[in-house]
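> Give the three-dimensional model of this entry:
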Amino acid sequence: MNTYSFHLKMILLKSKFKKSGPYGILIFLNIAIASLALLLLLWIGSNFKPDLVTILIAAISLVSIQTILLFLFFSHCKIISLYEEGISFGNPVFMYLTKSYSWSDFDGFILVREETEHSEIEAIWLVKDKKLSKRISSGIYLNYEEIKVSLRIKNEGHKSISSILQARAVLGLKVNL
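Just a heads-up that it's a prediction; the model follows:
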């Protein structure tokens, strides 16, 4: 896919995160685990005389959990900006990490019902060459409906896709969409 720069163009629509959705949960978990990790390490250091290996194991375990949560945050929570010429997906923390796409970079989009642990949510799958290129979830974005009607590519309608095929598509494997 080509990347384009739309920084000087007028934004038609910008995404808004649901504070109670995955965005808010991931931010809360990152802050909570970082705070708990700091408190735990301080408590261990003041109440015990642990050896260096114990401290390293505890620190590596906590940093690993934190890294996984940060990866989930950075990979799933993108700021979406819609332009006349295309769409861009930006990192909410490091704004300079933005990828922009022309509308012609996509063949269209399909609407998919994705199953979560407690409910079903709708997601927009931007498709190129019958492969999932980008995903916009109603579980993350407050203005999902506005984003859906503002897309300037062909709507291929609803598509029923099994959970296994959804997982394969999200992992980047080619699925007949």
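
> would you list every one of the helices in the protein?
Assigned by DSSP state H, the chain shows helices spanning 22-47, 52-76, 144-150, 163-170.

> out of those, nearest to Thr116?
helix 22-47 (9.5 Å; C-beta to C-beta). Using the backbone N, CA and C atoms, a C-beta is placed for each residue, glycine as well.

> Report the angle between the closest one and helix 52-76.
Calculated by axes from the mean of the first three to the mean of the last three C-alpha atoms, to 10 degrees, helix 22-47 forms an angle of 170 degrees with helix 52-76.

> Can you give the distance from helix 22-47 to the centre of its chain?
22 Å (C-alpha atoms, centre = their mean, to the nearest Å).

> Also stretch 146-162?
That offset, for stretch 146-162, works out to 18 Å (C-alpha atoms, centre = their mean).

> Identify the residues contacting it?
Applying C-beta atoms under 8 Å, 6 or more residues apart in numbering, the contact partners of stretch 146-162 are 12-13, 15, 80, 82, 84, 87, 103, 106-113, 124, 126-127, 136, 141, 169, 175, 177.

> For that stretch, measure first residue to last.
26 Å (C-alpha to C-alpha, to the nearest Å).

> returning to that earlier point: now, which of the contacts of stretch 146-162 lie within strands?
12-13, 80, 82, 87, 108-113, 124, 126-127, 136 (DSSP state E).

> circling back to that earlier point, closest one to Leu132 among the helices of the chain?
Checked against C-beta to C-beta, the stretch from those lying closest is helix 163-170, at 4.2 Å.
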